[in-house]
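1. Mind folding the following:
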Amino acid sequence: MKKVLIITYYWPPAGGIAVHRCLKFAKYLREFGWEPIICTADNPEYPVLDEGNFKDIPTGVNVLRTKIWEPYNLFKFITGKKKEERIHNVFLEEEKPSLGHKLGIWIRGNIFIPDARKFWIRPSVKFLSRYLKENPVDVLFTNGPPQSTHMIAYSVKKNLGIPWLADFQDPWTQVDYFPQLMLNPISQRIHEAKEQHVFRWADKITICSDTWKKDLESIGAKDVGVIVWGYDEDDFSNITLPLSKKFTLSHFGSLGPDRNAKTLWKALSIIANENKQFAKDLELELVGFVGHAIIDEIKSLGLTNNLKISEHISRKETLERMHHSQILLLILNNMPNVNGRLPGKLFEYLASRRPILVVGPEESDASKIVHGVNAGYTCNFNDLEKTINTVKNLYDKFKHDNLPSNKSNISQYSNRNLTKKLAGYLDQINSSRPLR
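-> Down below sits the predicted model:
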């Protein structure tokens, strides 16, 4: 069986969505002729932990762990946080950042290049350059962010000539938060130069949406393939939680300043003021990090009694609650690159078979996928009239026990079929390498 070394920062016990891209690939690669070997960080600073993810690790898979030092204690000191606090996305922490927070972000962008895991690169390159001479593999696979994984493979590829596929969950210099890094001109050029190293040295590049593929190609990336996020059929086989008796609109994942669905909150408030029964039936469920400004805004609109907020919950409970909800909210980032944003939860929403309400552009890749399988509705960020009418329509269906359960074929988005696509790319670059 051919061997692929997967270099990924996120690996169990990591929780959240980021860990699932490589974890699900590793779970199914053997079915398509590839033995995964994992290289991950030793004692990393994960923002979220979930022991339930261990069940997906293939039996007997070889997991290599290399030393990492992460500067989060420095960030906590600068921003006044406690040592035991876990750091989530630094751009979600505060709607009105303190001077210390701004300083922390400036250091993150200008000193820790490409990211705060940069100190993982050198020990990993040293270890892998030695290990792979004695334990050869056929292909390298890296997944970023963090983009430091790509820098590890870049040096290993230069040292050993092993074919390399660089996979992007999010873009590098085109990611939505890149302008918030407060880069000086020299730091920006360094980021851009390192990104170009990846484009030149990787034998294949993959990214998770069609729009972002075009964006990468516009700055010089070649041979770019698309592998979207997906859903794992196994995760949905034993969910029996019944539907909520409330008119539940649920969002799963972080809600920061760029995902404040102001028009939706206003629409819900307007309908609740018009219809007392709607006000009694409505439950707005937000699961995950929610910015204080969003909570305050929802409460200011008179929806305090309708709001249900939960901190991080296990993946198992997350999927159960998706099935339990009447409507699943997909709130996109209101940022310039929104059309390419395909949140990982979208595909789990599809697998939950509940109606999806996309808040974002009609022309976004997410909206096209939802409408392509007749799975829901889209309301643009600022279209109040359409948002009100759409919610009223969904509520009317709810009251008549007529909310549709999507029956469309979505198998193209299963993790098994997406891993088959990845294996095809691995075969492609492996077959083109010179004979050893």
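2. Figure out how far the helix or strand Ile429 falls within is from the centre of its chain.
-> Taking DSSP states H and E as the definition, Ile429 sits inside helix 415-431. Taking Cα atoms, centre = their mean, to the nearest Å, one finds helix 415-431 lying 21 Å from the centre of the chain it belongs to.
3. Stretch 366-375 too?
-> Centroid displacement of stretch 366-375 relative to its chain, using Cα atoms, centre = their mean, is 19 Å.
4. residues touching Lys204, list them.
-> The contact partners of Lys204, taken as Cβ atoms under 8 Å, 6 or more residues apart in numbering, are Trp164, Leu165, Ala166, Asp223, Gly225, Tyr425, Gln428, Ile429. The way it works is simple: take the backbone N, C-alpha and C, and place the C-beta from them, glycine included.
5. which residues make contact with the helix holding Ile429 from outside it?
-> 2, 4, 24-25, 27-29, 31-34, 138-139, 141, 163-165, 203-204, 206, 225, 227-228, 230-233, 411.
6. How far away from the center of its chain is stretch 132-140?
-> Per Cα atoms, centre = their mean, the centroid offset for stretch 132-140 relative to its chain is 29 Å.
7. Quick one: end-to-end length of that stretch, please.
-> End-to-end distance of stretch 132-140 (Cα to Cα, to the nearest Å): 11 Å.
8. Report the rounded mean pLDDT for it.
-> Mean pLDDT, stretch 132-140: 97.
9. Could you check it and say which residues are buried?
-> Of all the residues in stretch 132-140, those buried under the rule 16 or more other Cβ atoms under 10 Å are Leu132, Val137, Asp138, Val139, Leu140.
10. what is the last one paired to in the beta sheet?
-> For Leu140, the beta-bridge partners under DSSP bridges are Leu5, Trp164.
11. so who does it touch?
-> Val4, Leu5, Ile7, Ala153, Val156, Lys157, Ile162, Pro163, Trp164, Leu165.
12. let's go with 10 Å and repeat that
-> By Cβ atoms under 10 Å, 6 or more residues apart in numbering, the residues touching Leu140 are 4-7, 39, 128, 132, 149-150, 152-154, 156-157, 160, 162-166, 202-203, 426, 429.
13. Can you name the next helix or strand after the helix or strand of the chain with the lowest mean pLDDT?
-> Within the chain, no helix or strand scores below helix 72-79, which has a mean of 57 by mean pLDDT, DSSP states H and E. Using DSSP H and E, the next helix or strand after helix 72-79 towards the C-terminus is helix 99-110.
14. Output the contacting helices and strands for that next one.
-> helix 72-79, helix 185-201 (3 or more Cβ pairs under 10 Å, 6 or more residues apart in numbering; DSSP states H and E).
15. Please point out which parts of the next helix or strand after it sit buried.
-> Once helix 99-110 ends, the next helix or strand along the chain (criterion: DSSP H and E) is helix 121-134. Neighbour-count burial for helix 121-134, counted by 16+ other Cβ under 10 Å, picks out Ile121, Pro123, Ser124, Val125, Phe127, Leu128, Tyr131, Leu132.
16. again, but for stretch 169-178
-> Buried residues in stretch 169-178 (16+ other Cβ under 10 Å): Gln169, Asp170, Pro171, Trp172, Thr173, Gln174, Val175, Asp176, Tyr177, Phe178.
17. One more: stretch 298-311?
-> Ile298, Leu301, Leu303, Asn306, Leu307.
18. Of the contacts of Lys204, keep whichever come out buried.
-> Trp164, Leu165, Ala166, Gly225, Tyr425, Gln428, Ile429.
19. isn't the second one right up against Ile205?
-> When you say that, I think you mean Leu165. Yes. The pair Leu165 / Ile205 is scored as a contact, 7.4 Å apart, by Cβ atoms under 10 Å.
20. what is in contact with those two at once?
-> Counting by Cβ under 10 Å, 6+ apart, the contacts common to Leu165 and Ile205 are Asp223, Gly225, Tyr425.
21. Please tell me the pLDDT value assigned to Val198.
-> 97.
22. Next one: the nearest residue to it once chain neighbours are set aside, what pLDDT does it get?
-> For Val198, ignoring the flanking residues on the chain, the nearest one in space by Cβ to Cβ, 6 or more residues apart in numbering is His150 at 4.8 Å. As predicted, His150 sits at a pLDDT of 98.
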